[in-house]
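A.B. asks: pasting the structure only:
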Ligand SMILES: Nc1ncnc2c1ncn2[C@@H]1O[C@H](COP(=O)(O)OP(=O)(O)OP(=O)(O)O)[C@@H](O)[C@H]1O
């Protein structure tokens, strides 16, 4: 299903939470809405679900205006952070519940539940009470309950945030697989840029009520349109220095990722902190005799207080907070 947001605007009191948002989300797309806490991500999702009404704007699904349809008529699936399974039912009954409500025949329900359980790899726990399964399994059951209704599109609001780091990683991969197998249109909200980068076909960065940038993960990483996006995306924020450091005009700033700098060169810095992430060593440095901090990816380990030299091998130019080249 293709979803079109047209000029969506929402205020709470005098506060503009969503400011004239327009975007097309294609059929089968994994579309992630990324933004810091309070940016309005959940509000936008609720508007798509029909739980909240926009002050202005329309939502079009496959050419049909659904802006005024109530949630139950939108044929959408919503999976929240707190998935609220029915605690006194088995996994099977939880998944079957929405179909029973629709008075679908028992044999038909059985077929559908089993098919979905296979897709989510939970066939072996169908008879368990949901109170006795793990968090990761509960999350799958919630997803199964959403999928079994064969919705037009899926709205997911930080569905993995209750899982511990390891399970979360596995669940992420599974979610992506399921989405591709279903060719489902997934709209996924998160404040976690890493999660967004690994799941999304496209990411929309929500900032001050607007999609500041919409693009593929690589695009956002390589060509952030603004300093704000450059600092929000990436394991570490992009480094920013005045242009004259690399012989540019000082009316611009240069931005570079930690791996766009190399140890050895004519710039000097002092290491003030070291962080190892897997095999990567990140050096937090201050330029010598300057109060400018940067992060550099290094192949060798250094200690706090060491003096290093480096060069910047690639950078982008920014003027007044915006990418110019
Ligand atoms: N019903 C409401 N009445 C008044 N203000 C609201 C209401 N719902 C949300 N807000 C405000 O709107 C803003 C956006 O909230 P929203 O929950 O959409 O943000 P979010 O990006 O999803 O944040 P988080 O990541 O923390 O969940 C916040 O400032 C919030 O306080």
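C.D. replies: Everything's here; your move. Since the structure is predicted, the reported quantities are computational estimates derived from the model, not experimental observations. Residues are numbered from 1 along each chain as shown.
A.B. asks: for residue 221, see how far away the residue nearest the centre of the chain is.
C.D. replies: Taking C-alpha atoms, centre = their mean as the criterion, residue 196 is the residue nearest the geometric centre of the chain, at 2.9 Å. Separation of residue 196 from residue 221 (C-beta to C-beta, to the nearest Å) stands at 11 Å. Just so you know, the C-beta spots here come from the backbone N, C-alpha and C atoms, and that holds for glycine as well.
A.B. asks: mind giving me the packing neighbours of the helix or strand residue 174 falls within?
C.D. replies: Residue 174 belongs to helix 165-182 when assigned by DSSP states H and E. Packing contacts for helix 165-182, counted by 3 or more C-beta pairs under 8 Å, 6 or more residues apart in numbering; DSSP states H and E, involve helix 106-119, helix 135-147, helix 193-199.
A.B. asks: give me the mean pLDDT for the last one.
C.D. replies: Over the span of helix 193-199, the pLDDT mean works out to 94.
A.B. asks: that helix vs the ligand: in contact?
C.D. replies: No: for helix 193-199, no contact with the ligand is found by C-beta under 6 Å from any ligand atom; the gap never falls below 12.3 Å.
A.B. asks: buried ones in that helix?
C.D. replies: If you call a residue buried by 16 or more other C-beta atoms under 10 Å, then helix 193-199 has these buried ones: 193, 195, 196, 197, 199.
A.B. asks: let's see the pLDDT reported for residue 125.
C.D. replies: You'll see residue 125 listed with a pLDDT of 96.
A.B. asks: from memory it sits against residue 133, does it?
C.D. replies: Yes: at 5.7 Å, residue 125 and residue 133 qualify as touching, with contact defined as C-beta atoms under 8 Å.
A.B. asks: tell me the angle the helix holding residue 174 makes with helix 135-147.
C.D. replies: Relative orientation of helix 165-182 versus helix 135-147 (axes from the mean of the first three to the mean of the last three C-alpha atoms, to 10 degrees): 20 degrees.
A.B. asks: from residue 236, how far off is the residue of the stretch 101-250 of the chain found nearest the ligand?
C.D. replies: Minimum separation of the stretch 101-250 of the chain from the ligand (C-beta to the nearest ligand atom) falls at residue 191, amounting to 4.7 Å. Distance from residue 191 to residue 236, counting by C-beta to C-beta: 17 Å.
A.B. asks: for residue 317, same thing?
C.D. replies: 20 Å.
A.B. asks: interface residues of the stretch 1-150 of the chain facing the ligand?
C.D. replies: 12, 17, 35, 37, 38, 39, 40, 41, 42, 43.
A.B. asks: which secondary structure elements does the helix or strand encompassing the last one contact?
C.D. replies: Right, residue 43. Under the criterion of DSSP H and E, residue 43 resides in helix 41-49. Helix 41-49 is packed against strand 3-12, strand 15-25, strand 30-34, strand 76-79, strand 153-157, strand 186-190, with contacts defined by 3+ C-beta pairs under 8 Å, 6+ apart.
A.B. asks: show the subsequent helix or strand relative to it.
C.D. replies: strand 56-61.
A.B. asks: now the angle between strand 15-25 and that next one, please.
C.D. replies: Going by the same axes, to 10 degrees, strand 56-61 makes 30 degrees with strand 15-25.
A.B. asks: after strand 56-61 comes which helix or strand?
C.D. replies: Downstream of strand 56-61, the first helix or strand assigned by DSSP H and E is strand 64-65.
A.B. asks: and the contacts of that next one?
C.D. replies: With contact meaning C-beta atoms under 8 Å, 6 or more residues apart in numbering, strand 64-65 is reached by 58, 59.
A.B. asks: adjacent strands (with direction) for it?
C.D. replies: Strand 64-65 has the following sheet partners, assigned by DSSP bridges: strand 56-61 (antiparallel).
A.B. asks: what about residue 33, neighbour count?
C.D. replies: Residues near residue 33, counting by other C-beta atoms under 10 Å, number 29.
A.B. asks: turn the helices and strands packed on helix 41-49 into CSV, columns for mean pLDDT.
C.D. replies: Shown next, in CSV, are these (pLDDT from 0 to 100):
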stretch, mean pLDDT
strand 3-12, 97
strand 15-25, 97
strand 30-34, 98
strand 76-79, 87
strand 153-157, 92
strand 186-190, 96
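A.B. asks: okay if I get those as TSV plus distance to residue 312?
C.D. replies: Converted to TSV, these look like this (distance: least, C-beta to C-beta, whole Å):
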stretch	distance to residue 312
strand 3-12	39
strand 15-25	35
strand 30-34	27
strand 76-79	43
strand 153-157	39
strand 186-190	31
